[in-house]
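**Student:** Below are the sequence and a predicted model for it; my questions follow.
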Amino acid sequence: MAWRNSTDRYGSLSIGLHWLMLLLLAAVYACIELREFYPRGSDPRNALKAWHFMLGLSVLILVVIRIIARLLGPTPEIKPQPPRWQLLPAHAVHLFLYALMIGMPIAGWLILSAEGARIPFFGLELPALIGADKDLAHDIEDWHKLFGTIGYYVIGVHAAAALIHHYFMRDNTLLRMLPGRRR
């Protein structure tokens, strides 16, 4: 399989990044949800929060690579072509997912910055993006939580749409993104 996209299917780079992003997003969500099982200030809770941030920032780095990969080649065609009315919601979901993968890590970085907290990234300490401001940190955190919750639903809609296209509409939407498939 070629590493670049063709008119028939996504290349191995795009496919690999897509599924890696899914695993990373699942881990990001898992870390922040599992922290609730531990008391505030405990080592496991703090470790899960640190992993939530570091994995989230990894999403930001990979989404930049993914956008570049997407711009380097064509978007494979869906065959048979779906009705035009489906294109707007599909594009809106994809746009939201990209905004989520860019905006959420930046919001997390802003939250830690405004809290005056350490900003860990796999053994490094990143610089603060803004000065300490507890009220601003709280406001950004509220938005971060809201969009995180919305993200659950949009990711679910994205997955459900792929399955509907595959099993009911019988087009190649899902097949274009599956690894190991022949053209």
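**Tutor:** Structure's in. What do you need? In this text the structure is predicted, and so the values were computed from the model without any measurement.

**Student:** Not counting its neighbours along the chain, what's nearest the residue nearest the centre of the chain?
**Tutor:** When CA atoms, centre = their mean is applied to the chain, the residue found nearest the centroid is residue 101 (4.0 Å). With CB to CB, 6 or more residues apart in numbering as the criterion, residue 101 has its nearest non-adjacent residue at 4.1 Å, and that residue is residue 63. Every residue, glycine included, has its C-beta placed from N, CA and C.

**Student:** Am I right that the one you found is in a strand?
**Tutor:** No. Read with DSSP: H, G, I helix; E, B strand; the rest coil, residue 63 is helix and lies in no strand.

**Student:** for it, what are its contacts?
**Tutor:** Applying CB atoms under 8 Å, 6 or more residues apart in numbering to residue 63 gives the contacts 21, 98, 101, 102.

**Student:** By residue count, tell me the biggest helix in the chain.
**Tutor:** Scanning the chain for the helix with the most residues, using DSSP state H, yields helix 134-167.

**Student:** Who are the packing partners of that helix?
**Tutor:** helix 12-34, helix 87-115 (3 or more CB pairs under 8 Å, 6 or more residues apart in numbering; DSSP states H and E).

**Student:** Now do the longest one: distance to the chain's middle.
**Tutor:** What that stands for is helix 87-115. Here helix 87-115 is found 8 Å from its chain centre; the criterion is CA atoms, centre = their mean, to the nearest Å.

**Student:** Next: the shortest one.
**Tutor:** For helix 12-34, the distance between its averaged C-alpha position and the chain's averaged C-alpha position is 7 Å (CA atoms, centre = their mean).

**Student:** what's the burial count for residue 113?
**Tutor:** 21 (other CB atoms under 10 Å).
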